[in-house]
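Peer 1: no sequence on this one, just coordinates:
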């Protein structure tokens with residue numbers, strides 16, 4: 001990551017450094033897909049107005065399978081694949097679904113819990129799902145989408161942790177692998193002996209955040225092709241025999257990636273207060289050009305969206321059980337922030353999470369595919385795993401920009417927060433240890449005159465006495481000793497009430513009182529608000 005981008009995120013970290021325990025950036029959800037390029041390539045026939053599956057036709061020619069026997073051949077191959085793929089599972093671990101919309105992840109985790117599986121194969125889930133495949137039509141094999149049998153294998157991998165792999169058991173045998181970077185990190189930390197506390201899909205506390213970040217960075221150094229081809233061999237043990245005469249290997253792409261920056265706060269109450277301010281700031285202060293900047297797109301010098309931009313820009317708010325989430329979308333990709341978890345030992349703000357589904361808006365410095373290695377230029381980012389490292393870099397930069405924007409939030413104390421406690425009843429303990437209930441204050445009501453009196457500038461140095469307030473709160477002198485006692489008692493009750501709420505304190509061995517530091521802030525804020533006109537408030541709102 002470049003230095004200026006590191007500084008961008010550091011603006012947010014520096015602002016809340018006293019509350020932050022650690023920061024962790026890396027892959028969250030990662031979905032990879034494998035396809036047999038040699039089998040999948042084809043051409044569009046303008047006469048037939050169909051996609052001709054040239055690769056599949058060549059496979060059949062090489063294996064001396066007549067087009068009319070296509071259906072029987074692929075059915076036989078599919079049955080053999082399913083049989084061999086399920087050989088490693090017990091009957092109780094194989095689940096057949098009638099409804100493909102069933103939450104397979106939840107179902108698999110339930111099996112793991114019931115069977116107390118902590119490593120290895122969990123279950124296989126069989127289902128029918130619309131998938132790209134082939135069909136014999138006339139003198140050609142054409143491409144089409146139809147319901148195909150698919151097998152999901154869920155496992156707890158010794159290196160990756162919880163994961164799944166989906167195999168289409170019908171030609172062209174497409175594969176999808178789902179991993180989670182946080183699950184992976186937990187395995188890495190276990191191996192290293194690094195202590196942590198995990199809650200759901202995040203870590204509310206880690207013994208050494210710097211070491212944990214190094215482990216996450218190591219994930220990018222993975223030999224992805226070797227790892228994924230190993231999964232493919234487990235999913236389809238008969239691959240080599242099927243393609244013995246027409247060799248075809250998998251080309252792996254990153255179908256979806258989520259790169260998240262988690263910020264661990266030690267104080268849950270601090271994050272609960274900060275989050276609504278961030279949400280309001282994120283919704284009201286960020287414009288469409290800001291969203292474009294998050295994804296590295298240039299805007300005009302005037303700050304407007306370029307006229308040639310034909311994409312989509314969206315901002316939305318979602319309220320979840322854990323809290324609120326603000327998401328920004330551009331051309332199928334998104335950046336968002338939300339509060340992730342709260343616990344006594346740590347709470348998580350997912351300060352930024354960039355999801356990349358399409359790569360059209362991004363560039364990578366690389367040679368042309370199939371061209372000379374020394375011909376380096378900025379070219380379009382590929383979906384292939386060869387550009388996975390650049391995808392992570394682009395995502396981190398988007399996270400940095402979003403966090404940098406969030407650092408400008410006005411998180412100063414709100415009037416509502418400032419006066420909330422003093423408006424509630426409280427208890428006053430006398431010198432004798434007796435406790436007495438004291439009513440809440442009414443800053444803009446019956447107690448406003450008292451606030452004005454206590455805040456008089458002449459009391460700043462020497463404080464004030466009971467008789468000083470009597471002079472300010474009553475018109476004229478008392479007409480009798482009885483009325484003087486009543487006034488003194490009434491002011492004493494008011495002084496007791498102010499002391500109970502922490503606005504004033506008594507000067508030892510005197511009859512004088514001083515406004516406390518916290519009390520001064522409240523008094524000034526309340527009286528300033530009382531003197532502010534509606535027009536001034538509207539102007540302030542527009543300026544914000």
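Peer 2: Nice, I can see it. No experiment lies behind these values; they were computed from the predicted model shown. Numbering: from 1, shown residues only.

Peer 1: Every contact and neighbour count from this point should use C-alpha atoms.
Peer 2: Fine.

Peer 1: how about the helices in the stretch 151-300 of the chain?
Peer 2: 181-192, 209-219, 224-235, 239-242, 268-284, 288-294 (DSSP state H, counting those that start in this stretch).

Peer 1: from the chain's centre, how far out does the shortest one sit?
Peer 2: Centroid displacement of helix 239-242 relative to its chain, using CA atoms, centre = their mean, to the nearest Å, is 42 Å.

Peer 1: export the helices of the stretch 151-300 of the chain to a markdown table and tack on mean neighbour count, distance to residue 19 and mean pLDDT?
Peer 2: Listed next are the helices of the stretch 151-300 of the chain as a markdown table, based on neighbours: other CA atoms under 10 Å; distance: least, CA to CA, whole Å; pLDDT from 0 to 100:
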| stretch | mean neighbour count | distance to residue 19 | mean pLDDT |
| --- | --- | --- | --- |
| helix 181-192 | 19 | 23 | 95 |
| helix 209-219 | 16 | 15 | 96 |
| helix 224-235 | 16 | 37 | 94 |
| helix 239-242 | 15 | 54 | 95 |
| helix 268-284 | 17 | 8 | 89 |
| helix 288-294 | 19 | 26 | 71 |
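
Peer 1: Against residue 205, how distant is residue 345?
Peer 2: For residue 345, the distance to residue 205 equals 7 Å [CA to CA, to the nearest Å].

Peer 1: actually residue 223, not the one I typed
Peer 2: Counting by CA to CA, the gap from residue 223 to residue 205 is 29 Å.

Peer 1: Looking at those two, which is more packed in?
Peer 2: residue 205 (22 against 10; other CA atoms under 10 Å).

Peer 1: what pairs with that one across the strands?
Peer 2: Note on residue 205: beta-bridge partners by DSSP bridges are residue 197.

Peer 1: Residue 265 versus that one, what's the distance?
Peer 2: In terms of CA to CA, residue 205 sits 9 Å off from residue 265.

Peer 1: What about residue 350, how many residues nearby?
Peer 2: Neighbours of residue 350 (other CA under 10 Å): 22.

Peer 1: Please read the previous query as pertaining to residue 452.
Peer 2: Neighbours of residue 452 (other CA under 10 Å): 16.

Peer 1: Now it: closest residue in space that isn't a chain neighbour?
Peer 2: The spatial neighbour of residue 452 that comes closest, neighbours along the chain excluded (CA to CA, 6 or more residues apart in numbering), is residue 527 at 7.3 Å.

Peer 1: Any regions of the stretch 251-400 of the chain where pLDDT drops low?
Peer 2: 288, 300-304 (pLDDT under 70).

Peer 1: coming back round to it: would JSON lines of the helices of the stretch 151-300 of the chain with distance to residue 502 be doable?
Peer 2: Converted to JSON lines, the helices of the stretch 151-300 of the chain look like this (distance: least, CA to CA, whole Å):
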{"stretch": "helix 181-192", "distance to residue 502": "46"}
{"stretch": "helix 209-219", "distance to residue 502": "40"}
{"stretch": "helix 224-235", "distance to residue 502": "62"}
{"stretch": "helix 239-242", "distance to residue 502": "77"}
{"stretch": "helix 268-284", "distance to residue 502": "22"}
{"stretch": "helix 288-294", "distance to residue 502": "44"}
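
Peer 1: still on that earlier bit, what is in contact with residue 345 and residue 205 at once?
Peer 2: Common contact partners of residue 345 and residue 205 (CA atoms under 8 Å, 6 or more residues apart in numbering): none.

Peer 1: The closest residue to residue 233 other than its chain neighbours and residue 410: what is the separation?
Peer 2: Counting by CA to CA, 6+ apart, residue 233 lies nearest to residue 239, which is 7.2 Å off, once chain neighbours are set aside. Taking CA to CA as the measure, residue 239 falls 59 Å from residue 410.
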